[in-house]
Structure formats: structure tokens, C-alpha cells
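Undergrad: Structure for this input, please:
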Amino acid sequence: MPEAHHIPDARYPRLSRFGWLMALYAENHDRLLRLFEPRELRAGRYVSSIGDGLDLYVDVIETHRYTVEMRLTYGLCDPQTGEPDPSAYVRFYRDALQVETTHCYVGRRWQDVMGLYPPPAELISHRMRMNTFLGKWLQYLAERGHGVATLKRDDSFPQAAGQPAGPGMVASVG
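TA: Numbers count the residues shown, from 1 in each chain. Below is the predicted model:
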């Protein structure tokens, strides 16, 4: 029996891995925007509580004209590192309508994981894993009932430049 060959359907464009990553950034932007409307948040800590005993902390680290730097985490700590776990540092691009997970732990940026000069394919794969994690987490949070209505500002955490950060919080830089 002759071997069947798969002929790609020209009607459907193929995305490169980079194109797929950019689409993931756009999808995560839409999810985060619907969930917590980060464009409206000021620097500081916010808590989303849905009554399940597992509060979500949204730390807005810095806001700029075109970006919002933030961290999403629970009040749980990794017993080995003492760092919040799970934890995702997120850059929300107001102008490009994208959200990028920059790293998932303090001190664990991609340079810490792969070195300063990783092969491009390895870097894109790493970013895809982090941003796929963020997308699944945002979907889970929405399904559990987290959102703008459950998000409350926690003014007990300092947010002014020069003040020490509270536990698990990075101080805002002026």
C-alpha cells in the first residue's frame, strides 16, 4: 500500500513559534484585562478573596505610561526558597495590548535559568512555557470567581519609593 503524504492546507496559515508566542501574549492581555483591569491600578498591593481561604495577591510594582509591572501570587511560600509560590511577574503593555510573563521567581529571570546567550529556540520555548502557565492560571482564577469585584486594595503595604517593601512585595520605584 502506498504511503500517504500529508499536504498542508494552504487555507490555514502556519504560525512560527515566535508568532505563536506573540498570540499567547495577546490572549493573556485579554484575560488579565477582563480579570483585573490593570490599566486602572496604582502601585501597591491588592488582594482578591473569594472565600476559599486562598487569597490571591496582585502586587502592582510600577506603573508607566505604556506598561504596568506586576506580580500575581498566593500567600504560600516555597519551603526551600521562602519565595511566594506560585508566583508570576507580569509586564502589561498598554499600547501593544500584550502581557508577558518575565519570570516566575525572584532572581529567576531567563538569564538565571539559561545563561546570558541561550539559543533563540531555547529562549522562545522557555517564554512559551512561562506564558502558557500564566494563561492557564488566569483562566483558573476567572473560573474560581476572582475578578475586579473581588479585588481590594491593601493600604497596609508601603508603595512609596524609598520605603521598605512588605513581605513578598517589591517597593515601587519613583
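
Undergrad: Let me know whether residue 74 touches residue 59 as I believe.
TA: No. Using Cβ atoms under 8 Å, residue 74 is not in contact with residue 59, being 11.9 Å away. In short, each C-beta sits where N, CA and C put it, glycine included.

Undergrad: and these two? which has more neighbours close in?
TA: Neighbour count, other Cβ atoms under 10 Å: between residue 74 and residue 59, residue 59 has more, with 26 against 13.

Undergrad: Show me the beta-bridge partners of the nearest residue to the more buried one once chain neighbours are set aside.
TA: Computed as Cβ to Cβ, 6 or more residues apart in numbering, the closest residue to residue 59 that is not its neighbour in sequence is residue 71, at 4.4 Å. In this entry, residue 71 is beta-bridged to residue 59, residue 89, by DSSP bridges.

Undergrad: count of neighbours near residue 71?
TA: The local packing of residue 71 (other Cβ under 10 Å) involves 22 other residues.

Undergrad: Please apply the same query to residue 130.
TA: There are 22 residues near residue 130, going by other Cβ under 10 Å.

Undergrad: residues in contact with the spatially closest residue to it that is not a sequence neighbour?
TA: Closest residue in space to residue 130, ignoring its immediate chain neighbours: residue 101 at 4.2 Å, by Cβ to Cβ, 6+ apart. Residue 101 is in contact with 28, 88, 89, 90, 127, 130, 131, 133, 134, counting by Cβ atoms under 8 Å, 6 or more residues apart in numbering.
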